[in-house]
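Participant: pasting the structure only:
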């Protein structure tokens, strides 16, 4: 995505007409999420394009935290990327983590295209325990994760 001054550059505006049922669905989603119809259409289009570019992924999570995962693995793409970083080898990872070589390759290709997204998710997951406690004081941390 082209960026301009920290913002994502936008293309030229154009007009589109949806079937009434599609328009009503978009309008309902916009109202539910308190966003504009155009931002809903843009988000849905971007997600659909990623699904086509990377067959084998799907998206899950709520609106602002949707994230790609590798179908059949149960793991988010960022989780597979983190496992690759921490594994001794890809072969060892495939043998031990119940992911296929295809899923690892898919995660690597997705990360290559969207490195900031994946790196941000990995960095968030690697926050120190004290930082998590500050953010979520009601959560207990077991001694196994300390």
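Facilitator: Right, received. Where do you want to start? Note that the coordinates shown come from a computational prediction; the quantities given were computed from them, not determined experimentally.

Participant: who touches the strand or helix carrying residue 119?
Facilitator: Following DSSP states H and E, one finds residue 119 within helix 115-125. With contact meaning Cβ atoms under 8 Å, 6 or more residues apart in numbering, helix 115-125 is reached by 67, 76-79, 81-82, 85, 110-111. (Each C-beta comes from the backbone N, C-alpha and C, glycine too.)

Participant: gap between that helix and the chain center?
Facilitator: Distance of helix 115-125 from the chain centroid (Cα atoms, centre = their mean, to the nearest Å) equals 10 Å.

Participant: assign a three-state SS to residue 15, would you?
Facilitator: Three-state call for residue 15 (DSSP: H, G, I helix; E, B strand; the rest coil): coil.

Participant: now do the strands in the protein.
Facilitator: Assigned by DSSP state E, the strands in the chain fall at 3-4, 7-8, 57-60, 67-70.

Participant: find the centremost residue of the protein, please.
Facilitator: What sits nearest the mean C-alpha location of the chain, by Cα atoms, centre = their mean, is residue 67, with 2.3 Å.
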